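Student: Pasting a predicted model and its sequence here:
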Amino acid sequence: MSAMQEVPPVLSEELDIVIPTIRSLDFLEQWRAFFEPYHLIVVQDGDPSRTVGVPAGFDYELYTRKDIERILGPKASCISFKDSACRCFGYMVSKKKYIYTIDDDCFVASKPSGEKIDALQQHIRNLLTPSTPFFFNTLYDPYAQGCDFVRGYPFSLREGVPTAVSHGLWLNIPDYDAPTQLVKPVERNTRYVNAVMTIPKGTLFPMCGMNLAFNRELIGPAMYFGLMGDGQPIGRYDDMWAGWCVKVICDHLSLGVKTGLPYIWHSKASNPFVNLKKEYKGIFWQEEIIPFFQQVKFSSDKLTVEELYIELAGKVKEGLGHIDPYFSKLADGMVTWIESWRQLNPPAAEGETTAAKGTGAGGKLANGH
Ligand SMILES: O=c1ccn([C@@H]2O[C@H](COP(=O)(O)OP(=O)(O)O[C@H]3OC[C@H](O)[C@H](O)[C@H]3O)[C@@H](O)[C@H]2O)c(=O)[nH]1
Ligand SMILES: [Mn+2]
């Protein structure tokens, strides 16, 4: 899409919306105008016998833990249970080029002008325009309407690189960690920053899965949200882990990661005490994890994301295994994830991995996969 194009295309045949839920999907009513043209992949966490209603009119497929175990068999061990990390199963079963994932407590936000924000449209714009990881444009997104490269920006770099990830932000409840939430229980994010930026090559970032879009064909196999929640010593680091793995692979492949617009309205503050229990090992482990990712170097003969991810799993086992046996388990989970990805996405496969397709009018659940 050229920078000049006003409205990005509706990619209803090329994009799936993945929603993890342990609550309800009532929030979709507010998104209907923006989401109804798209196919939803709902990953129902928690009790598989619970019926989660999908508002009428939405085209969807829904997977419970039982479905995941039926589809993946023993490899289902790599998909987390009782953590939003379960959402990555939706990335695996999708057959589309793009994924947008959103939490069930995220609603339509408004610009300062009062205009409702079509978050999906902005993500599509972000994904269809290039990124600039090698040289920072001080006027932010040069491909945005009414913007360009500033003086001194090398012309040899103005073509940019393909964008793999579009990381959106949140008004109202910010995605703070538990300690910050505890000391700032009433702080709300009211700042609407009208900018999209490419995260520079060589710089890591804390990827939040609440309002996130990515090019599944470019980076899908690296979007594993790890082993979190039930039976694991850590939680709420699912998206962080994925973000660190994705960024080092994007840097190696010269793919771009953008952050900024669009905003969604995050409505629920999860319990900071519960969050602290889930996060606390991550809070000190990450002081070793980050330097590990900062020094990751891939062998030059690895060209596909799947190969790079398997190589990274080996590095995780070697480089982080001393911290806690969990990291060896996580490294194994990373390999199982790729094996599962290959099982559901064989290179020559035609057609779709089908669940029972819901129509939203009381559509069937995914038991006909
Ligand atoms: O066991 C669970 C817990 C939650 N979910 C679903 O995941 C989404 C996020 O849940 P929630 O809104 O309660 O968590 P937050 O603290 O706001 O989320 C942040 O931290 C955790 C994740 O990384 C999340 O993306 C972050 O934004 C929501 O749809 C729940 O229904 C679940 O499936 N299983
Ligand atoms: Mn939330």
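Tutor: Looks like it arrived, so ask away. Ligands and ions are numbered 1, 2, ... in the order given.
Student: Leaving out sequence neighbours, find the closest residue to whichever residue of the stretch 251-369 of the chain sits closest to ligand 2.
Tutor: Residue of the stretch 251-369 of the chain nearest ligand 2, by Cβ to the ion: residue 268 (4.8 Å). Using the backbone N, CA and C atoms, a C-beta is placed for each residue, glycine as well. Distances taken as Cβ to Cβ, 6 or more residues apart in numbering place residue 105 nearest to residue 268, at 3.9 Å, with adjacent residues excluded.
Student: which residues touch the one you found?
Tutor: When contacts are counted by Cβ atoms under 8 Å, 6 or more residues apart in numbering, residue 105 touches 23, 27, 266, 267, 268.
Student: Please, a ChimeraX command that selects the buried ones among those residues?
Tutor: The buried residues among the contacts of residue 105 can be selected in ChimeraX (16 or more other Cβ atoms under 10 Å) with this line:
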select :27,266
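Student: Need the max-distance pair from the contacts of residue 105.
Tutor: 23 and 266 (13.8 Å; Cβ to Cβ).
Student: Let me have the contacts of residue 105 in TSV, adding pLDDT as columns.
Tutor: Formatted as TSV, the contacts of residue 105 follow (pLDDT from 0 to 100):
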residue	pLDDT
23	96
27	98
266	98
267	96
268	86
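Student: so which of the contacts of residue 105 are also by ligand 1?
Tutor: Filtering the contacts of residue 105 for proximity to ligand 1 (criterion: Cβ under 6 Å from any ligand atom) leaves 23, 268.
Student: From the contacts of residue 105, pick the one nearest ligand 1.
Tutor: The shortest approach to ligand 1 among those belongs to residue 23, at 4.6 Å (Cβ to the nearest ligand atom).
Student: how many neighbours does residue 146 have?
Tutor: By the criterion of other Cβ atoms under 10 Å, residue 146 has 6 neighbours.
Student: any idea how far it is from ligand 1?
Tutor: 31 Å (Cβ to the nearest ligand atom, to the nearest Å).
Student: what ranges do the helices span in this protein?
Tutor: 28-35, 65-72, 88-93, 119-128, 178-183, 216-219, 238-253, 272-294, 305-320, 325-344 (DSSP state H).
Student: Kindly compare burial across those helices and name the winner.
Tutor: Burial of the helices of the chain is given as mean neighbour count (mean count of other Cβ atoms under 10 Å); helix 88-93 ranks first at a mean of 26.
Student: For stretch 46-63, list the C-alpha coordinates in CSV.
Tutor: Extracted in CSV, the C-alpha atoms of stretch 46-63 (Å, rounded to 0.1, in the frame of the first residue of the first chain):
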residue,chain,number,x,y,z
GLY,A,46,-10.3,-22.9,31.5
ASP,A,47,-13.3,-25.3,31.8
PRO,A,48,-13.9,-26.8,28.4
SER,A,49,-17.5,-27.8,29.4
ARG,A,50,-18.4,-24.1,29.8
THR,A,51,-20.4,-22.7,26.9
VAL,A,52,-19.0,-19.4,25.6
GLY,A,53,-21.6,-17.5,23.5
VAL,A,54,-20.4,-15.8,20.4
PRO,A,55,-22.7,-12.8,19.5
ALA,A,56,-24.9,-13.6,16.4
GLY,A,57,-23.5,-12.6,13.0
PHE,A,58,-19.9,-13.3,13.6
ASP,A,59,-18.2,-16.0,11.6
TYR,A,60,-16.0,-18.0,14.0
GLU,A,61,-14.3,-21.2,15.1
LEU,A,62,-13.9,-22.0,18.8
TYR,A,63,-11.4,-24.3,20.4
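Student: buried residues in that stretch?
Tutor: Buried residues in stretch 46-63 (16+ other Cβ under 10 Å): 46, 52, 54, 55, 58, 59, 60, 61, 62, 63.
Student: Serialize those to JSON lines and add fields for pLDDT.
Tutor: Below are the buried residues of stretch 46-63 laid out as JSON lines (pLDDT from 0 to 100):
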{"residue": "46", "pLDDT": "97"}
{"residue": "52", "pLDDT": "97"}
{"residue": "54", "pLDDT": "97"}
{"residue": "55", "pLDDT": "97"}
{"residue": "58", "pLDDT": "98"}
{"residue": "59", "pLDDT": "98"}
{"residue": "60", "pLDDT": "98"}
{"residue": "61", "pLDDT": "98"}
{"residue": "62", "pLDDT": "98"}
{"residue": "63", "pLDDT": "98"}
